[in-house]
Structure formats: structure tokens, C-alpha cells
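1. I would like the atomic coordinates for the input below:
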Amino acid sequence: MISRAKGVRQAGSAALDLAYSAAGIFDGFFELHLSRWDVAAGSLMITEAGGVVTDFSGGDRWFERGNIVGAPPAVHRELIALIERHVTEEQLSR
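-> Okay, the predicted model is just below:
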């Protein structure tokens, strides 16, 4: 991701990073192995802002597994494409 982006930042809180993504401060967010309380509110903000929230394979298991990608639709597609080149959701569940 670092080689493709102008900058990669993490504020230290998944909830804050998702909120920043929903507000357009960050272009998008992805992270592994988060707890439900880390993503519940932020994922709602993303979807309410018109964004997309999925797991690393574009599926709907992000809340159970904790692997999350949240971004506006165009950015989300790009993030999923980049992530899928390196890992799939099934590989992360092993």
C-alpha cells in the first residue's frame, strides 16, 4: 500500500480512522483482527456517508472476523484490488 499511496497514516484508533474516512479526511481504512467495539460506530459512519464496508475479500464477514476495509466506493474497489493481490480473507482465517 505504501508504494501506491501518497501517504499512509494511522491515528491509533480504528474508530477514529473510520470516522476520518467517513468525513473525507482519510481516503479509506483497512486493518486486521479488530474487535467489534473497534469498528461498530466507525463502520456505521462510513455507510451513512455513502461508503462501503467489507472484509478483505469484499464480503460481509468483517464484523465477525475483524478484518475491515472501509472507504468511498471508488477507493474501496482500489483497496480491495490491492489487498487481494497479497492476501485473501480465507488465508487470514487459517
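2. switch to C-alpha atoms for all contacts and neighbour counts from now on
-> Noted.
3. And the residue nearest to the spatial centre of the chain, its phi and psi?
-> Nearest to the mean C-alpha position of the chain, counting by Cα atoms, centre = their mean, stands V69 at 1.9 Å. V69 adopts backbone torsions of phi -130, psi 120, taken as degrees, to the nearest 10.
4. try G70
-> phi -130, psi 130.
5. need the contact list for it.
-> G70 sits next to 18, 21, 28-30, 43, 46, 51-54, 76 when contact means Cα atoms under 8 Å, 6 or more residues apart in numbering.
6. which of those tops the neighbour count?
-> Using other Cα atoms under 10 Å as the neighbour test, the contacts of G70 are led by L18, with 32 neighbours.
7. rewinding a little: not counting sequence-adjacent ones, nearest residue to the residue nearest to the centre of the chain?
-> F30 (4.3 Å; Cα to Cα, 6 or more residues apart in numbering).
8. give me the element the one you found is part of.
-> Per DSSP states H and E: F30 is located in strand 29-31.
9. And A19, by the same measure?
-> Applying DSSP H and E as the criterion places A19 in helix 14-23.
10. how about that helix: buried residues?
-> 14-22 (16 or more other Cα atoms under 10 Å).
11. show me where the chain has helices.
-> Assigned by DSSP state H, the helices in the chain fall at 14-23, 36-48, 62-65, 73-84, 89-92.
12. ok, back up a step: what are the pairing partners of the strand holding F30, and which direction each?
-> Taking DSSP bridges as the criterion, strand 29-31 pairs within the sheet with strand 68-71 (antiparallel).
13. shaky segments in the protein?
-> Where the chain drops to pLDDT under 70, the residues are 1-11, 94.
14. Kindly recompute the last result at 90.
-> Counting by pLDDT under 90, the chain has low-confidence residues at 1-12, 85-94.
15. picking up where we left off before, which members of the contacts of G70 are the farthest-apart pair?
-> Pairwise distances across the contacts of G70 (Cα to Cα) peak at 14.1 Å, for the pair S21 and T54.
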